[in-house]
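**Q** Could you work out the structure for the sequence below:
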Amino acid sequence: MTERFVVTIDQGTTSTRCIVFDSRGRLVSLAQHEHKQYFPRPGWVEHDAAEIWRNVERLAPEALRRAGITASQVAALGIANQRETTVLWERDTGLPVGHAIVWQDTRTDGLVRSLSLTEGADQVEHDSALPMATYFSGPRVRWLLDHHPELSERAEHGEILFGTMETWLIWKLTGGLHVTDVTNASRTMLLDIHTLDWSPAALAFFGIPRAMLPEVRPSVGVFGTAVAAFPGVRIGAALGDQQAALFGQTCFAPGEAKCTYGTGSFLLLNTGAELVRSTHGLLTTVAYQMQGQPAAYALEGSIAITGSLVQWFRDQLELIASAPEIETLARTVADNGGCYIVPAFSGLYAPYWRSEARGVIVGLTSYITKGHLARAVLEATAWQTREVVDAMNADSGLDLTTLRVDGGMTADNLLMQFIADVLDVPVVRPLAIETVSLGAAYAAGLAVGYWPDLEGLRQNWHRAAQWLPTMDPAIRTAEYGNWRRAVERTFDWTRPA
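**A** Down below sits the predicted model:
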């Protein structure tokens, strides 16, 4: 009998990857390609959706070739994607209308401030369970329609379509299927998180035509069959990348949590069928939905800048030649020398939601070396994690006892140890660190019967590494106080025009 596999398209902020997994959840092959980042103005971040699709077409056969298989041996295709990134394209031609606006982009800051004072904002925030913020897709669609008035009438007639990245990729893969899943839809501010369909109140508030929106579907279930890139393969799942990581970490029970450390970092706590509204600056989101079943919800803490701070240290300051070198440089000093870096490049996300904030470096003296700066870069990720965990503990009424971690930054042992120290809980990394891709693969495989059930997936999870806290409690308390004072320096840096 011919062995079969599951493939994931992992469409991330800086690159796209195609990964082949076997029935035990083991990575068989990987093909990856970066795409260009566009920064046309301060605070603006864009991608070329057409370039990303070309990369998928190029990566698909490469991933299969490296695995030594053909598309006929692929049981299902799953998609994990950067969330909130906004794409508009023409229905007739399938061509994007300008660049995609990336989730990190803050151009809608003024619009969001205005909308937050507009009648109906409270209803939108209640229906979506999201705060009015630049982070989400809905305000970006409104901004695009405002700044390109010729698109509005075409959007009314469904000639201009909107989607996040999984919608765009499914459209291209299937030759014209316009759908999204509940996890990505729940990040737009346009979805009623209770009914799991587009909110009429939100569409009216933002002035967004329903005709341009995709059909909302469960995350786990057959969306359609690919005619391009992986011809003949069923698309069995689509999830936003952080929900995919929760799935890949097999956090299927309420109270289980994970944090993915990538360009940004995202901590999700499964709350099950209960929709928990945060009072401490977290987001309520859909964790996943299996076809024919109720949705599972999650609390999420979103940190905008973590891995991208290391990239900035490498590319803009040129203090290291490669990202892994930051750990070596940071180990040249015993501590941060009193220096703290708060990377509010795109404002502050959870738990503050201060879009006007901007990054600061504080505590500089002539004693500070690039080693201290490198350590401050890594510590910024740990302290931001601590703030989110504190908020999550307060919202859930539970105290986190273990943090499961994944993503590229988990290869940095100094960082992982520091996170364990500042949280005062064990930090655990699984054997399979590609949990975003694995989660999408698991979901797609479940949809077509490749894997029988969730419990079977739990058997694939194995611990690879663990870090235990060793920091003196008095030092932890003092350093956290210094961090919080540094964060306060970022507030109110930009002013309304």
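
**Q** what about residue 200, neighbour count?
**A** A total of 11 residues lie near residue 200 under the criterion other Cβ atoms under 10 Å. Glycine gets a C-beta too; all of them are placed from N, C-alpha and C.

**Q** ditto for the one 4 residues further on
**A** Other residues within reach of residue 204 by the criterion other Cβ under 10 Å amount to 13.

**Q** Return the distance of the nearest residue to it once chain neighbours are set aside relative to residue 207.
**A** Nearest non-adjacent residue to residue 204, counting by Cβ to Cβ, 6 or more residues apart in numbering: residue 120, 7.6 Å away. If you measure residue 120 against residue 207 using Cβ to Cβ, to the nearest Å, the figure is 11 Å.

**Q** residue contacts, the residue nearest to residue 204?
**A** By Cβ atoms under 8 Å, 6 or more residues apart in numbering, the contact list for residue 120 reads 201, 204, 205.

**Q** Can you tell me the element the first one falls in?
**A** Taking DSSP states H and E as the criterion, residue 201 maps to helix 200-206.

**Q** Okay, buried residues for that helix please.
**A** 201, 202, 203, 205, 206 (16 or more other Cβ atoms under 10 Å).

**Q** Among the residues you listed, find me the one that's closest to residue 214.
**A** Distance to residue 214, by Cβ to Cβ, is smallest for residue 203 among those, at 13.3 Å.

**Q** show me what contacts the closest one?
**A** With Cβ under 8 Å, 6+ apart, residue 203 has these contacts: 190, 209, 210, 213.

**Q** what about 6 Å?
**A** Going by Cβ atoms under 6 Å, 6 or more residues apart in numbering, residue 203 touches residue 210.

**Q** how much space is there between it and residue 211?
**A** Residue 203 is 10 Å from residue 211, by Cβ to Cβ.

**Q** Would you tell me what the next helix or strand after the longest helix anywhere in the chain is?
**A** As assigned by DSSP state H, the longest helix anywhere in the chain is helix 370-396. Heading C-terminal from helix 370-396, the first helix or strand you meet, by DSSP H and E, is strand 403-406.

**Q** Strand partners (parallel or antiparallel) of that following strand?
**A** strand 257-261 (parallel), strand 427-430 (parallel) (DSSP bridges).

**Q** The next helix or strand after the first one vs helix 370-396, what angle?
**A** Right, the one you point to is strand 257-261. Going down the chain from strand 257-261, the next helix or strand is strand 265-272, by DSSP H and E. Angle between the axes of strand 265-272 and helix 370-396 is 20 degrees (criterion: axes from the mean of the first three to the mean of the last three Cα atoms, to 10 degrees).

**Q** For strand 265-272, which helices and strands make contact with it?
**A** The contact analysis (3 or more Cβ pairs under 6 Å, 6 or more residues apart in numbering; DSSP states H and E) places strand 265-272 against helix 241-248, strand 257-261, strand 295-303.

**Q** Need these in TSV (columns: distance to residue 484 and mean pLDDT).
**A** As requested, those are exported to TSV (distance: least, Cβ to Cβ, whole Å; pLDDT from 0 to 100):
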stretch	distance to residue 484	mean pLDDT
helix 241-248	25	94
strand 257-261	20	90
strand 295-303	15	91
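
**Q** Could you single out the most deeply buried of these?
**A** helix 241-248 (a mean of 31; mean count of other Cβ atoms under 10 Å).

**Q** Contacts for that helix, please.
**A** 80, 183, 258, 260, 266, 268, 287-288, 406, 435-436, 438-440, 442-443.

**Q** The stretch 51-200 of the chain: helices as residue ranges?
**A** Secondary structure of the stretch 51-200 of the chain (DSSP state H, counting those that start in this stretch): helices at 109-116, 121-128, 137-147, 150-156, 165-174, 182-185, 200-206.

**Q** most neighbours per residue, which of the ones you listed?
**A** Mean neighbour count (mean count of other Cβ under 10 Å) peaks for helix 182-185 among the helices of the stretch 51-200 of the chain, with a mean of 29.

**Q** Report all helices and strands that that one contacts.
**A** Here helix 182-185 touches strand 234-240, strand 283-289, going by 3+ Cβ pairs under 6 Å, 6+ apart.

**Q** gap between that helix and the chain center?
**A** Relative to its chain's centre, helix 182-185 lies at 12 Å (Cα atoms, centre = their mean, to the nearest Å).

**Q** what's in contact with that helix?
**A** Against helix 182-185 from outside (Cβ under 6 Å, 6+ apart): 83, 164, 166, 191, 196, 216, 219, 239, 240, 243, 286, 289.

**Q** Next: stretch 63-78.
**A** Residues contacting stretch 63-78 (Cβ under 6 Å, 6+ apart): 4-8, 18, 20, 28-29, 31, 230, 232-237, 440-441, 443-445, 448, 450.

**Q** So which of the residues you listed belong to helices?
**A** Those of these lying in helices (DSSP H): 440, 441, 443, 444, 445.

**Q** Out of the residues you listed, flag the one nearest to residue 273.
**A** When the ones in helices among the contacts of stretch 63-78 are ranked by distance to residue 273 (Cβ to Cβ), residue 443 comes first, at 17.9 Å.

**Q** Against residue 465, how distant is the closest one?
**A** 25 Å.

**Q** What of residue 454?
**A** Between residue 454 and residue 465 the distance is 24 Å, computed by Cβ to Cβ.

**Q** ok so, going back, adding pLDDT, write the ones in helices among the contacts of stretch 63-78 out as JSON lines.
**A** Below are the ones in helices among the contacts of stretch 63-78 laid out as JSON lines (pLDDT from 0 to 100):
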{"residue": "440", "pLDDT": "97"}
{"residue": "441", "pLDDT": "97"}
{"residue": "443", "pLDDT": "97"}
{"residue": "444", "pLDDT": "97"}
{"residue": "445", "pLDDT": "97"}
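
**Q** now that we have the residues you listed, which one has the most neighbours?
**A** residue 440 (38 neighbours).

**Q** Check what pLDDT the residue nearest to residue 463 when sequence neighbours are not counted gets.
**A** Excluding the flanking residues, the one nearest residue 463 by Cβ to Cβ, 6+ apart is residue 428, at 5.7 Å. At residue 428, the predicted lDDT confidence score is 94.

**Q** repeat for the one 10 residues further on
**A** At residue 438, the model reports a pLDDT of 94.

**Q** Make sure it is actually in contact with residue 444.
**A** No. In this structure residue 438 lies outside contact range of residue 444 using Cβ atoms under 6 Å: 10.7 Å.

**Q** quick one on the thing from earlier: in a markdown table, list the buried residues of helix 200-206 along with distance to residue 334 and pLDDT.
**A** Below are these laid out as a markdown table (distance: Cβ to Cβ, whole Å; pLDDT from 0 to 100):
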| residue | distance to residue 334 | pLDDT |
| --- | --- | --- |
| 201 | 55 | 96 |
| 202 | 51 | 96 |
| 203 | 56 | 97 |
| 205 | 53 | 97 |
| 206 | 51 | 96 |
